[in-house]
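1. Provided below for reference: sequence and predicted model.
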Amino acid sequence: MNVTFCGHAQITEREALQNWLQTVTQSLIEQGATTFYLGGYGAFDSLAASVLREQKKRYPRIELVLVLAYLNTRRDTSGYDRTVYPPLETVPRRFAISHRNRWMVESVDVVVSYVLHDWGGAATTLQYAKRKKKRIISYCDDV
């Protein structure tokens, strides 16, 4: 099972969100999740990656994949098992992140979501996941 994350660049209630992510990711791993696609931008992405690095200590078989929106960037890729660059060569740079996000949604079975309002990139990605009929686990539904 493949999983990705969709959330805002800014987060509130960090501790509650971290605890929720620990519970959700552990449950997904126990259900057979092995590959986690991460965007690597913003506070939610960073928190999800941090939680998964801790999970990897207990479940070394899981794989953390950083999905790049741009080539030739000097991104720190330490802490990830590998990187992947979707077919974005012909996408204008200003649309790279939104196209990368759609690719991530298309490549997974489950989307873990921290979307508190219906505007912006995270909300757009969540709406896309809903249209694609992906299984969505939402922070807003659980708290």
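-> Structure received.

2. Output the below-cut-off pLDDT ranges for this structure.
-> 143 (pLDDT under 70).

3. and Q10, which of the three is it?
-> Secondary structure, DSSP: H, G, I helix; E, B strand; the rest coil: Q10 is coil.

4. hang on, it packs against S46?
-> No: using Cβ atoms under 8 Å, Q10 makes no contact with S46, being 11.3 Å away. To be clear about C-beta, it is placed using only N, CA and C from the backbone, and glycine gets the same treatment.

5. the more surrounded of the two?
-> Higher neighbour count among Q10 and S46: S46, with 15 against 9, using other Cβ atoms under 10 Å.

6. Assumed that one was part of a helix.
-> Yes: per three-state DSSP, S46 lies within a helix segment.

7. residues contacting it?
-> Residues near S46 by Cβ atoms under 8 Å, 6 or more residues apart in numbering: G40.

8. what about it, distance to F5?
-> 10 Å (Cβ to Cβ, to the nearest Å).

9. How about S107?
-> 13 Å.

10. same deal with R131?
-> Distance, R131 to F5, using Cβ to Cβ: 18 Å.

11. neighbour-wise, which of these two wins?
-> Between R131 and F5, counting by other Cβ under 10 Å, F5 is the more crowded of the two (28 against 9).

12. Quick check: buried residues in the helix or strand containing that one?
-> Using DSSP states H and E, F5 maps to strand 2-7. Residues of strand 2-7 classed as buried by neighbour count (16 or more other Cβ atoms under 10 Å): 3-7.

13. before we move on, what about stretch 124-133?
-> 124-126, 128-129.

14. ok, those residues vs A33, which is closest?
-> A129 (16.0 Å; Cβ to Cβ).

15. what angle do the helix or strand the closest one falls within and strand 2-7 make?
-> Using DSSP H and E, A129 falls within helix 121-131. Interaxial angle of helix 121-131 relative to strand 2-7 (axes from the mean of the first three to the mean of the last three Cα atoms, to 10 degrees): 140 degrees.

16. what's downstream of helix 121-131, the next helix or strand?
-> strand 135-138.

17. Summarise which helices and strands that following strand is packed against.
-> strand 110-114, helix 121-131 (3 or more Cβ pairs under 8 Å, 6 or more residues apart in numbering; DSSP states H and E).
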